[in-house]
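Enquirer: How does the following fold in three dimensions:
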Amino acid sequence: MARLHEYQGKPLLSAFKIAVPRGGPAHTSLEAEELAREIDGEVVIKAQAWVTGRAALGAIKFAATPTEAAEAASTILGMQIKNFTVDTVMVEEKLAVQREFYAGVIIDDQAQAPALIFSNIGGSGIEEIAAQNPDAVGKIGIDIRRGLLDYQARDLIRKTGIHGKLQMSLGNLLVKLYDVARYYNARAAEINPIVLTEDGKLYAADCRITIDDNAVYRFPELGIEIAREFDRPPTTLERVAWEVEKNDYRGTFYFIQMEQNFQQGDGVIGFHGAGGGGSMMSMDAVLNKGYKLANFVDTSGNPPASKVYRTARIILAQGEIDGYFASGSGVASQEQFHSARGLVKAFLDAPLTVPAVIRLGGNAEERAIAILERAAAEIPAPLEAYGKDDSPEFCAVRLDKMLRQFEPPAKKSAPMNWPQPEKPYSFDTVSGGTVTFDHALCAKCESKICIETCVPGILELEDGLPILNISREEAQKGRCIECLACEVECYFEGKRGGRIVLPIPGLEG
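Expert: I've put the predicted structure just below:
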């Protein structure tokens, strides 16, 4: 889910006629001072960070004058809250609070429908409020065909003990909140608290809105960088990884950094999972051996070899990891030799300089293991490959033993240096890659392994040289599935005349 900050969510509420306090975001103390002067009254300054309990952390302050607002903003800006460095504050008018409520529209995965939750007690910790005051909280399911009807919202509020004009006003607000959630395809849209002021008006004093990952593209105006839910701004590598994922629909690729600023010897492992449940078990196996994970990755849903390659390159770009552990579902339906070729190409290009254990269980796993074992002699660091019959725990034990025996080289191996082709024959691929055959080398090749192992069968021989049997346009539109065979197989079984360049924007440096 892509989570919005309070200052991003409140304009959405306002557009649907839900009242919000006067004010706006500020990135400097001077901007905060100017906003306070425009409000011309007491203000509240709130850190924009995805955490709860901001007041207790000193991340919410009040100010009576513009000068005090600037001082408060200066104190909060730059504050480190968990993994979040505050770079924005919300400056709003201070409300005369008479009473607070909570309302939220969330997706109930079990019911496969939206649910509306309302509490006649607002404030942080709605779960604790519900546990301590069960009569204060109500919940109803919403039929998406009809939406939230006025009488349903009023009935829910009435069940929590609110009647009369206030019941009517809150009911209207809840219907509008549902409209916001529906329009923006929100997984959750919460107002906490809804404030009833002393003059009888209702305001959304704070809000939390998260947009469904798959709907982010519909709302470019929201400025969402990455369709993932973070508790901090995304890192540089997370942005790089998202650019890979968002532009390639084939399979999934989730990349989340978990450790940063580590050094070799700190026991940090680059983790490469495949499939949710299998990845979780594999992570536990590594953690149970006393190691930490630099990242979480999941490449599943039958990703092409090129996506696995880019994933591995990003994992290896994290810094001084001590090892590489790939393991996931033991019954994956995707053909595992694609993943094997992606890993081999990454380990040669980067190159791999730390021990690696690769567990590729599933369809054609024997072929995948053979590809990895063949490459082991060419890779600078030790590499072992296993299949579904080898448990994640066993593989973690093997990695642990390899790490204990491994002596890092004094000088790391340089990346693969490919010579310029003498007689190039090239075509582009769907993800921005380029396949090139050096026909000067191909002419000397007896195996013609690229023809034999080309999965989509788009290559043929002309005068003994590999060329496309389709147009370059067709290859670029996806007929070339980027299986990487024409490089990886040619490297080991041919004359190394096949080369695939797969750019990863933002990775270099």
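Enquirer: Averaged pLDDT, stretch 7-14. What do you get?
Expert: Averaged across stretch 7-14, pLDDT comes to 97.
Enquirer: Could you pull out the buried residues of that stretch?
Expert: Of all the residues in stretch 7-14, those buried under the rule 16 or more other Cβ atoms under 10 Å are Tyr7, Gln8, Gly9, Lys10, Leu12, Leu13. Bear in mind the C-beta positions are built from the backbone N, C-alpha and C, glycine included.
Enquirer: Low-confidence regions, the stretch 1-150 of the chain specifically.
Expert: Scanning the stretch 1-150 of the chain for pLDDT under 70 picks out 124-125, 130.
Enquirer: Return the member of the buried residues of stretch 7-14 nearest to Phe271.
Expert: Using Cβ to Cβ, the shortest approach to Phe271 within these belongs to Gln8, at 31.5 Å.
Enquirer: just to revisit the earlier point, any chance of the buried residues of stretch 7-14 in TSV, plus secondary structure and distance to Ala317?
Expert: Written out in TSV, the entries for the buried residues of stretch 7-14 read as follows (DSSP: H, G, I helix; E, B strand; the rest coil; distance: Cβ to Cβ, whole Å):
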residue	secondary structure	distance to Ala317
Tyr7	helix	32
Gln8	helix	30
Gly9	helix	33
Lys10	helix	37
Leu12	helix	36
Leu13	helix	40
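Enquirer: can you redo those residues as JSON lines with distance to Asp248?
Expert: As requested, those are exported to JSON lines (distance: Cβ to Cβ, whole Å):
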{"residue": "Tyr7", "distance to Asp248": "32"}
{"residue": "Gln8", "distance to Asp248": "27"}
{"residue": "Gly9", "distance to Asp248": "30"}
{"residue": "Lys10", "distance to Asp248": "34"}
{"residue": "Leu12", "distance to Asp248": "30"}
{"residue": "Leu13", "distance to Asp248": "34"}
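Enquirer: Run through who's touching stretch 342-351.
Expert: Where contact means Cβ atoms under 8 Å, 6 or more residues apart in numbering, the residues beyond stretch 342-351 that reach it are 304-313, 316-317, 326, 352, 356, 358, 371-372, 375, 378-380, 383, 413-416, 484, 487-488, 491, 500.
Enquirer: and it, average pLDDT?
Expert: Along stretch 342-351, the predicted confidence averages to a pLDDT of 96.
Enquirer: Same check on stretch 497-506?
Expert: 96.
Enquirer: on that earlier part again, narrow the contacts of stretch 342-351 to those in strands?
Expert: When strands are assigned by DSSP state E, the members of the contacts of stretch 342-351 inside them are Ala326, Ala356, Ile358, Leu383, Ile500.
Enquirer: Can you show me the strands along the stretch 351-500 of the chain?
Expert: Assignment of strands within the stretch 351-500 of the chain using DSSP state E, counting those that start in this stretch yields the ranges 356-359, 383-386, 424-428, 434-438, 459-462, 465-468, 498-501.
Enquirer: what sits up against the last one?
Expert: Read it as strand 498-501. 306, 345, 418, 421, 429, 433-438, 442, 450, 466, 482, 484, 486-487, 489-491.
Enquirer: and with 10 Å instead?
Expert: Contact partners of strand 498-501, identified using Cβ atoms under 10 Å, 6 or more residues apart in numbering, comprise 305-306, 309, 345, 349, 416, 418-419, 421, 424, 426, 428-429, 432-438, 441-442, 445, 449-450, 459, 466, 480, 482-491.
Enquirer: follow-up on the earlier one: can you pick the most crowded of the ones in strands among the contacts of stretch 342-351?
Expert: The most crowded member of those is Ala326, carrying 29 neighbours; neighbours defined as other Cβ atoms under 10 Å.
Enquirer: Let me see the contact set for that residue.
Expert: Counting by Cβ under 10 Å, 6+ apart, the residues that Ala326 touches are 270-274, 279, 282, 297, 299, 308, 311-312, 315, 339-340, 343, 356-360, 372, 385-386, 395.
Enquirer: can we see that at 7 Å?
Expert: Ala326 is in contact with His272, Leu343, Ile358, Arg359, counting by Cβ atoms under 7 Å, 6 or more residues apart in numbering.
Enquirer: and which of these is nearest to Arg496?
Expert: Nearest to Arg496 among those: Leu343, at 18.5 Å, using Cβ to Cβ.
Enquirer: any chance of the ones in strands among the contacts of stretch 342-351 in JSON lines, plus distance to Ala73?
Expert: As requested, these are exported to JSON lines (distance: Cβ to Cβ, whole Å):
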{"residue": "Ala326", "distance to Ala73": "46"}
{"residue": "Ala356", "distance to Ala73": "48"}
{"residue": "Ile358", "distance to Ala73": "50"}
{"residue": "Leu383", "distance to Ala73": "53"}
{"residue": "Ile500", "distance to Ala73": "51"}
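Enquirer: Please give me every residue in contact with Ala368.
Expert: Ala368 is in contact with Gln336, Phe337, Ser339, Ala340, Leu360, counting by Cβ under 7 Å, 6+ apart.
Enquirer: Just confirm the third one is within a helix.
Expert: Right, the one you point to is Ser339. Yes - read with DSSP: H, G, I helix; E, B strand; the rest coil, Ser339 is one of the residues of a helix.
Enquirer: Go ahead and confirm it touches Leu360.
Expert: Yes - proximity of Ser339 to Leu360 meets the contact threshold set by Cβ atoms under 7 Å, at 5.7 Å.
Enquirer: Same drill for the two, tell me which one is more crowded.
Expert: Counting neighbours by other Cβ under 10 Å for Ser339 and for Leu360 shows that Ser339 has the greater number, 34 against 31.
Enquirer: Could I get the pLDDT score of Gly509?
Expert: Listed pLDDT for Gly509 reads 60.
Enquirer: Would you mind checking the contacts of stretch 342-351 for buried ones?
Expert: Burial by neighbour count, 16+ other Cβ under 10 Å: within these this picks out 304-313, 316-317, 326, 352, 356, 358, 371-372, 375, 379-380, 383, 484, 487-488, 491, 500.
Enquirer: Now, those that are in helices?
Expert: Among the buried ones among the contacts of stretch 342-351, the residues falling in helices (DSSP state H) are 305-313, 316, 371-372, 375, 487-488, 491.
Enquirer: Alright, calling it a day.
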